[in-house]
Structure formats: C-alpha cells, structure tokens
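Student: coordinates for the following, if possible.
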Amino acid sequence: MRFFLLMVLFSVSCPLIAQSGSGIEIENPWSRATTPGAKIAAGYMVIRNKSAAPDRLIGASSPLAGRMETHVTVRDGEIMRMRQVKGYDVPAKGSFEAKPGGAHLMFIDIKRPFKEGERIPATLRFEKAGEVKVEFQVGREAPSAGHGHQ
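Tutor: Here you go, the predicted model:
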C-alpha cells in the first residue's frame, strides 16, 4: 500500500509528460529566460517514440511566437552557426534530443520576454503522430533530471 501511495504522489508531482495516442512522448521541454526586447528564444526537449514506426517532427507553433522553426547548430570553420532544417527524424522505439549546441526549436518574433518560472505553450506537429501540445518550462538552465517532464 505504501508503494502504491508513493507512486500516486510521484505521478501527481511529475505530470509533465506530453503524450500523443501514437506513442510520441515529449520530456523536459524547456527554454531560457529572455532579455527585454529579445525577438527569439530557443526550445529544447527529448522526443521519445514508443511506436514501432519512425516519425518526424515537421513543425511547431506557439501563441507567444510569430512562428517557430526547427534548427541545428553547425560548425563553419571556427564559427558556430544556426541553420534551419526541414524537421527532426525520431526513430522507431527511439528518441531524439534537442539541446543547446545542437538541434533546437526557434521561437521567432516572440511577443514578450520569456520569464523564469513560466511555461510557454506550444504545439508540435509530427508526420504520423499529428499534433502534440507541450509547455516549455522557462529557466536559467536545463531542468535537472526528474524535474520538468513534459
């Protein structure tokens, strides 16, 4: 009984895993706080595909951004540059991580600064899974393991 109660408490305290009926789960969606006047922000997360078929993140939107794009960071000589890509492949029974210095979602033409502690709503669009609603936790750093799952 004690184990059951602990599991219930854990599930209530960490309800932030967004799922679609097709096996896509989004974990730890987060973004950094932005400075006043900033027009862009980046979003990071882990996408888990529990299904037996691969999928692809093909787009995203947020009511707090004019548009969202999928980007990667690439080295161009001594300079790191961001490049827009058409999406991210998520393997069957696998995962894809968008993280600082690599792949990330760009919130472009943000309507106001992202403030530490708030959650930014967004909708991710997948080729097969369709739309998955998420909330990006805004902080200074990435959420620690076990916190901020979405």
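Student: where does the protein dip in pLDDT?
Tutor: Scanning the chain for pLDDT under 70 picks out the ranges 1-22, 142-150.
Student: mind checking the longest strand of it?
Tutor: strand 65-76 (DSSP state E).
Student: residues in contact with the next helix or strand after that one?
Tutor: For strand 65-76, the following helix or strand on the C-terminal side (DSSP states H and E) is strand 79-85. Strand 79-85 has contacts (CB atoms under 8 Å, 6 or more residues apart in numbering) with 69-75, 101, 103, 106. Yep, even glycine has a C-beta here, placed from its N, CA and C like the rest.
Student: pull up the pairing partners for the helix or strand following strand 79-85, direction included.
Tutor: Going down the chain from strand 79-85, the next helix or strand is strand 88-90, by DSSP H and E. Strands that pair with strand 88-90, judged by DSSP bridges, come out as strand 55-61 (antiparallel).
Student: buried ones in the strand it pairs with?
Tutor: By neighbour count on 16 or more other CB atoms under 10 Å, the buried set for strand 55-61 is 55-57, 59-61.
Student: out of those, which one sits closest to T123?
Tutor: Of all the buried residues of strand 55-61, T123 sits closest to S61, with 5.3 Å by CB to CB.
Student: can you classify the residue nearest to that closest one when sequence neighbours are not counted as helix, strand or coil?
Tutor: With sequence-adjacent residues excluded and distances taken as CB to CB, 6 or more residues apart in numbering, S61 is closest to T123, at 5.3 Å. Three-state call for T123 (DSSP: H, G, I helix; E, B strand; the rest coil): strand.
Student: K115 versus T123, what's the distance?
Tutor: T123 sits 21 Å away from K115, going by CB to CB, to the nearest Å.
Student: which of the two has more neighbours?
Tutor: Neighbour tally, T123 and K115, criterion other CB atoms under 10 Å: the higher count belongs to T123, 15 against 10.
Student: surely that one is in contact with E131?
Tutor: Yes: taking contacts as CB atoms under 8 Å, T123 lies within contact range of E131: 5.2 Å.
Student: that older thread, buried ones among the contacts of strand 79-85?
Tutor: Among those, those classed as buried by neighbour count (16+ other CB under 10 Å) are 69-71, 103, 106.
Student: start to end distance for stretch 100-109?
Tutor: End-to-end distance for stretch 100-109: 20 Å, by CA to CA, to the nearest Å.
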